[in-house]
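> Sequence and predicted structure, then a few things I'm wondering about:
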Amino acid sequence: MLAFALALAASSLAAPDLEEFREITSALPGAQLLAHGDLNGDGMVDVVCASSETRSIVWFSGGPDGPSSVARFAGSLPNPMRGLAVGDVDGDGFGDIVVTHRNGNDASWLRNDGAGSFDATLLVTNQFDLGSRIHILDFDLDGDNEVIVMRAASSPTSSGPLLFENLGGGQLAQPLELLDLAAPYSELAYFDVDGDGLPDAVLGGYYGRIDWYRNPGGAGPWSHNSIENQAFFRSSDLRAVDLDGDGDLDLAMAATHFAAIRFYENLGGGAFGARIDLGVTTGDFLKFEPVDADLDGDLDVISTSIAAPSLRWIENLGGFQFVDRGSFLNSGGLAARALDLADVNADGRSDLLVVGGTDTVEWVAGAPVPPTGPAFESDAVDLLQPVPAAAESVVVDIDLDSLEDVITASTSDGVFLARGLGGNRFAAPARVVPSLQAASHVRLADLDGTGPADLIVDTPAGDAWWVPSGTAGAFGLPRHIGSALAPLAVAPDAFDFDGDGDLDVLFAGASSPVVIVVEQLAPGSFAPGRTLITGTGSIRGLVAEDFDLDGTLDLVAVDRRAAGYFLELYRGLGAGTFAVPVTAASTFDLMGLAARDLNGDGAADLLWVRPNSRLIQRALNTGTGLFGAPEDLGTFADRPDAIGAGPAGPSGEATLVVYHRRNNRALGTLEWFAVGGPAANSLQQTELRLDEVASLGLDDVNGDGDLDVLISASHQGRVGWFENTSIGELGSRECSPAVPNSSGLPAGLRVVGSGATAQAALTLEGLNLPAGSTTLFLASRQTGLVVGPGGSQGTLCLGGMIGRFAAPGQIVTATANGFAALTISLQSLPQPTGILSPASGETWRFQAWYRDLAVGTSASNFTDAVAILIQ
């Protein structure tokens, strides 16, 4: 008989230690300026530094182990430099370099040819008091980068910052004053101040003033608003950062004459709170970087100043309260002239770059995040070079080199390809179908049967195009295959709708009641588009599966009517014909319909999100094409921007990712759900600073066998991905299925992790448990079969020496959705004789015991078991 002693306690995780400084070079005389970008197009961050003594610019190529120590020459200039910036000015995918000179009169552009050579061009001369701040950004939101050169701090000139408009083709216009301003502003922060989706301009450094100018979104003046007007106040390092964690961007800057770092809280709607001084007085600040140094979830400050040139860590305590923690790591003797923040080793975490006072350039790696079960990286890994107006991205090995590539549709510039380079790296996205000027969606299918996946693309005008692919990732000329004469509500996708063995294309236009089919008559030959089915309102979504398991493709169309969204089932009758529709389900609001087998019975069920109600719902298929009533599976906090559904998992659970954010703020939440049994279990929430997320996809981006998240953000032009670092079911099931509990379902055990090495951390997950049930996880090296031990309703599947995870904090309570989880270390497995560390080659088995109070106060049951081979 097995007795169980229960104990409950809280647990905590200690923050990991930060890493030490690593030298890049100690042989750069007069190292003074620092910037970063991708100069060689390999997808890695390179480090750029200027020398005041040699008047030269060098760069260090990035790699998975951090920057190389080999300095590469970019160019030399006749005068010492005051400012340095890196960005792709000419749109060729390689970072260029822009500098201002210390004399304040000149600015130069070092154009990068991508092959290691830089051509220096004088942008402007005979100016007065050009400053150190240079911005390379898309100021007019037309898809290419402008160059903005600020004035020097406390400049006596009456001229404003200079804007060099990008004319395309590698040409910059003659400079004009930014926003026609005649004030010598030295600082710029470009972000959405008032939450209207358009970036605004915050300007500072002009005789104690900080002002912001509202972006009108087209023709018309940028209206002026004052934030600060304090005599003798000189600002530097103006930043937009979320210091209070409320999801909007606050202002931070160094108030140099007041020896303080100053903040202004964003109150929303374009209003800022009164100034808040940090309260740390260490002399005139040179530079600061906001970074979560202690991994407690908020942004701290790493700073350096003239009076105290070594790096200091100023910890954020919350509520705009800070405390000076003194020297940052081992930097007490390092005179830090410049700081920069970048992910230089491509591990998804920000690293700190420092120019020292003795000809040195150093970096400190971002601290690793401890594994806590299913986890994505803490920030998206960008494909580095932005894709303007990125609308949707897909993953495919288009060039058949066994490396995954990323293809992105851009509503302003067509189709882009980022080729996989291996090692979680991608080349800069390059435009690959020049004749397509815009693309709203991209789908993959081998339409002509030649082997490689072709592209199916639609444009904002509602035209559908087939782009055949060839060898080595080359694309043929696009062929127009149909049109809805309006933007598409249902993107074109390929199905064999008539069962003749080849793929046809289906799509639907916005505000249209019809689904159009373009039938393939022979490989690469298509009939004119025709109406396939007609709804009552307008078609907003479409999924195709054999819902009634009769061997013929069926369709479920989302029919938007005045009364709500109706999911209409069109049963396939064969030869491309369909029966009169039957309503499978209806709801007041709907987003992202997907068809997945959610209960493991072999029939596709329906899964969707209700955006207004913040609900995840399903309708189960009986297997005959009849669906049950909609069921609530789970909730999320805020209105969603985008959702992505992945394939069903080993136990019938589907994967769902939702990006939601509050009140259209720039900070949102990417939330991962496992949809299995009667619940959508939230496995992880990751904060992400993005607005206008156009699409989410779940695919194996890096080819390591698990699902990653691919994200396209149209406003920022950001295409990035979150690596799945731990999610993956391990082991083999035993004693499955278990005895059903009071929910009517058998509870299951799932073991997830990144691997089963003896040093690994795993997460034990109980599924389909009764709500609120106390759950105790068990471990043993032997199998067993004991029916009803101690009067339990279930079966104990372990034998021999059985250990219990009963230490404080290890006994858990199931959620309302029947989910319980415990993260364990394979180095600390409990046994009756004490804690053991398993050896490689051993097989360990895990199971969960739980209370079932709905049956009786002393009733209990077991999940099934999982066996894990230790590697």
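Looks like it arrived, so ask away. Residues are numbered from 1 along each chain as shown.
> Which positions in the longest strand along the chain come out as buried?
Among the segments of the chain that qualify as a strand by DSSP state E, the longest is strand 774-787. Going by neighbour count (16 or more other CB atoms under 10 Å), the buried part of strand 774-787 is 774-781, 784, 786. From N, CA and C alone the C-beta is placed, and that goes for glycine too.
> Assess the claim that M150 and A183 are in contact.
No - judged on CB atoms under 8 Å, M150 makes no contact with A183 at a distance of 11.2 Å.
> what's the overlap in contacts for those two?
Listed as contacting both M150 and A183 by CB atoms under 8 Å, 6 or more residues apart in numbering is no residue at all.
> between these two, which one's more packed in?
M150 (28 against 20; other CB atoms under 10 Å).
> Would you check how far apart the more buried one and D554 are?
The gap separating M150 from D554 is 61 Å, by CB to CB, to the nearest Å.
> And for A679?
For A679, the distance to D554 - CB to CB - is 27 Å.
> now do D324
Computed as CB to CB, the D324 to D554 distance reads 66 Å.
> Show me which of those two is the more surrounded one.
Neighbours per residue, other CB under 10 Å: of D324 and D554, the larger number sits with D554, 23 against 15.
> and that one, what does it touch?
D554 makes contact with 544-548, 569-572, 578, 625 under the criterion CB under 8 Å, 6+ apart.
> ok, those vs D589, which is closest?
L569 (19.9 Å; CB to CB).
> if I pick the closest one, what's in contact with it?
547, 554-556, 581-584, 625, 627.
> switch the cut-off to 7 Å
547, 554, 556, 581-582, 584, 625 (CB atoms under 7 Å, 6 or more residues apart in numbering).
> now swap in D448 and tell me
Here D448 is in contact with 454, 468, 523-524 (CB under 7 Å, 6+ apart).
> Need phi/psi at P789.
phi -60, psi 130 (degrees, to the nearest 10).
> and what of L745?
phi -120, psi 150.
> Also A120?
Dihedral angles for A120 - degrees, to the nearest 10 - are phi -80, psi 130.
> Give the bridge partners for it, please.
L110 (DSSP bridges).
> ok, now how distant is it from H101?
Taken as CB to CB, the span from A120 to H101 is 12 Å.
> just A409 next, same as before
Look at A409 and H101: by CB to CB, they are 42 Å apart.
> So which bits of stretch 453-473 are buried?
Residues of stretch 453-473 classed as buried: 453-460, 462-469, 473 (neighbour count, 16+ other CB under 10 Å).
> Can you give me the end-to-end span of that stretch?
10 Å (CA to CA, to the nearest Å).
> Who wins on neighbours among the contacts of L569?
Neighbour tally across these (other CB under 10 Å): the maximum, 29 neighbours, falls on F547.
> For it, report the pLDDT, please.
Looking at F547, its pLDDT stands at 94.
> ok, now L8?
L8 is assigned 21 on the pLDDT scale.
> can you check the one 10 residues further on too?
According to the model's per-residue confidence, L18 sits at a pLDDT of 38.
> for the one 4 residues further on, same thing?
Per-residue confidence (pLDDT) for R22: 72.
> Partner strands of the helix or strand hosting it, with direction?
Per DSSP states H and E: R22 is located in strand 21-25. Paired neighbours of strand 21-25 in the sheet (DSSP bridges): strand 361-364 (antiparallel).
> Measure how far the partner strand is from the centre of its chain, please.
26 Å (CA atoms, centre = their mean, to the nearest Å).
> ok, now which ones touch the closest residue to R72 other than its chain neighbours?
Distance criterion CB to CB, 6 or more residues apart in numbering; nearest residue to R72, sequence neighbours excluded, is W59 at 5.2 Å. Listed by CB under 7 Å, 6+ apart, the contact partners of W59 are 39, 46-48, 72, 74.
> before we move on, what about L176?
L163.
> Bridged to it, which residues?
Note on L176: beta-bridge partners by DSSP bridges are L163.
> And it, how far from H224?
18 Å.
> coming back round to it: who has more neighbours out of A409 and H101?
A409 (30 against 21).
> Check which helix or strand that one maps to.
Taking DSSP H and E as the definition, A409 sits inside strand 405-410.
> Any idea how far that strand is from the middle of the chain?
Distance, stretch centre to chain centre, for strand 405-410: 15 Å (CA atoms, centre = their mean).
> Offset the numbering so it begins at 36, please.
Renumbered: residue one is now 36, and that last one reads strand 440-445.
> Kindly spell out which helices and strands sit in contact with that strand.
In terms of contacts (3 or more CB pairs under 7 Å, 6 or more residues apart in numbering; DSSP states H and E), strand 440-445 is packed against strand 425-431, strand 449-453, strand 476-480.
> Could you list the residues in contact with it?
418, 422-434, 450-455, 461, 464, 474-477, 490, 492, 747, 754.
> same thing with stretch 104-112?
Contacts with stretch 104-112, where a contact means CB under 7 Å, 6+ apart, come from 59-60, 63, 89-96, 132, 134, 136, 143, 145, 153, 155.
> in the stretch 586-735 of the chain, which spans are strands?
Using DSSP state E, counting those that start in this stretch, the strands of the stretch 586-735 of the chain run over residues 589-596, 599-605, 607-609, 612-613, 617-622, 626-631, 640-645, 650-654, 666-670, 675-681, 689-696, 702-711, 714-724, 728-734.
> among these, which is nearest L520?
Set against L520 and scored by CB to CB, the strands of the stretch 586-735 of the chain come closest in strand 589-596, at 18.6 Å.
> What pairs with the closest one, parallel or antiparallel?
Strand 589-596 has these strand partners (DSSP bridges): strand 573-580 (antiparallel), strand 599-605 (antiparallel).
> Just put those in TSV and tack on distance to P251.
Below are the strands paired with strand 589-596 laid out as TSV (distance: least, CB to CB, whole Å):
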stretch	distance to P251
strand 573-580	32
strand 599-605	36
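> So which of those is nearest G766?
Closest to G766 of the strands paired with strand 589-596, according to CB to CB: strand 573-580, at 29.9 Å.
> and the angle for that closest one with strand 640-645?
Relative orientation of strand 573-580 versus strand 640-645 (axes from the mean of the first three to the mean of the last three CA atoms, to 10 degrees): 150 degrees.
> just checking, L797 touches L861?
Yes - between L797 and L861 there is a contact under CB atoms under 7 Å: 6.4 Å.
> Of the two, which one has the most company?
Counted by other CB under 10 Å, L797 and L861 do not tie: L797 has more neighbours, with 25 against 22.
> for the more buried one, helix, strand, or coil?
Under DSSP: H, G, I helix; E, B strand; the rest coil, L797 falls in the strand class.
> which one is R244 nearest to, not counting chain neighbours?
N264 (5.1 Å).
> Please pull out the lowest mean pLDDT helix or strand from the protein.
In the chain, no helix or strand scores lower on mean pLDDT, DSSP states H and E than strand 416-417, which sits at a mean of 52.
> mind listing the strands for the stretch 736-885 of the chain?
743-748, 753-757, 764-765, 767-769, 783-787, 796-802, 809-822, 830-839, 847-848, 855-860, 864-866, 869-871, 878-886.
> outside of stretch 275-290, which residues touch it?
222, 224, 226, 237, 239, 268, 270-274, 296-301, 303, 307, 320, 323, 325, 333-334, 351, 354-355, 697, 700-702.
> ditto for stretch 491-500
So stretch 491-500 is in contact with 444, 446, 450, 471, 473-478, 480, 501-502, 513-523, 526-529, 540, 542, 544, 553, going by CB under 7 Å, 6+ apart.
> Pull out the buried residues from the residues you listed.
For these, a neighbour count by 16+ other CB under 10 Å gives the buried set as 444, 446, 450, 471, 473-478, 480, 501-502, 513, 516-519, 523, 526-529, 540, 542, 544, 553.
> Low-confidence bits of the stretch 736-885 of the chain, can you list those?
Scanning the stretch 736-885 of the chain for pLDDT under 70 picks out 739-741, 749-752, 759-764, 788-795, 851-852.
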